[in-house]
Structures are given as C-alpha cells and as structure tokens.
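>>> sequence first, then the predicted structure:
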Amino acid sequence: MKIILVSFLLLFPAVSCSIVDEDCLCTTEYRYVLVTVVDTIGVSVDSLEVTIKDKDGNKLDVKQEADVFGSGKYIVLNDSFTELFCSCTEAEKIYFSATDGSGIAAGEYLFNTDRCRCHINKVSGPDTLVLR
C-alpha cells in the first residue's frame, strides 16, 4: 500500500503540471499586426501580392482583408496563429514580403504569445516597409 501511495504522490505533480488550461480566460479582442507599405516617395501602395513565412520557410495562409484597415495596410499576422508560438519568452521569426511584380518590400518580425495562447505579441519588426 505504501508503494502505491508513494508512486501516486510522485506521479501526481507531473500529471498536474501538464494541464494546458491553467485557468486561462481569453478576451474577445482579436489582434492583428499590420504593416504599411509605401513607395520610395512615401505614398501607400495597394494591391500587392503578399507572402508570409514562418522560421522554417513554410508559407502561412494569412488572409489579407482588402480596404478594411486603410490604404497600403497589410496583415502580417493575427490571433489565429497563436499555436505557432510557445507561451514563453522566446520569440519566433516571421518573414513578410509584398511585391507588385517589379519591386519588393520585405521585413523580418519576431512574435510570441501569452501564457494562455490567447493573443499574438509583436516583439519586434517594422511598422512601415518601402517597396523598392
């Protein structure tokens, strides 16, 4: 009986630590991280073909919502991608590029998420990119 009780007590902390929920409550807020793309004289550029890749070079299917956020604004990432990131202090790279066929605007971003994986957090990356 003592062996069973000791075994249970040793296993219980390991099992309880693996519970993902951790009493998490997410807000109804849905976050988008945007970038503005401008030409070399600072005019916003619309209708670009956007490619977004994770740290391994895999393309991410980030739906661009035309004209919702204003001229020249593109979605880098939104809360539907929280599962890509660990809920830790380490940030992961995301690569954004947009082209009109002759020029390209590209930027590198670092993202992570909160403990509950409710929202993405932009750690670093440009707010504006220039199409060259």
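Cool, the structure landed. Numbering: from 1, shown residues only.

>>> any idea how far the top strand by length along the chain is from the chain center?
Counting residues, the longest strand found in the chain (DSSP state E) is strand 104-113. Here the centre of strand 104-113 is set off from its chain's centre by 9 Å, with C-alpha atoms, centre = their mean, to the nearest Å.

>>> so which residues make contact with that strand?
The contact list for strand 104-113 (C-beta atoms under 8 Å, 6 or more residues apart in numbering) reads 33, 35, 37, 45, 48, 76-77, 82, 84-99, 119-126, 129-132. From N, CA and C alone the C-beta is placed, and that goes for glycine too.

>>> next structured bit after that strand?
Using DSSP states H and E, the helix or strand that follows strand 104-113 in sequence is strand 120-124.

>>> before we move on, the earlier item: adjacent strands (with direction) for the longest strand of the chain?
Partners of strand 104-113 in the sheet, by DSSP bridges, are strand 92-99 (antiparallel), strand 120-124 (antiparallel).

>>> and the ones you listed, which is most packed in?
strand 92-99 (a mean of 19; mean count of other C-beta atoms under 10 Å).

>>> list the contacts of that strand.
35, 37, 45, 48-55, 60, 74, 76-77, 84-86, 104-112, 125, 129, 131.

>>> centre of the chain to stretch 99-110, how far?
On C-alpha atoms, centre = their mean, the centre of stretch 99-110 falls 17 Å from that of its chain.
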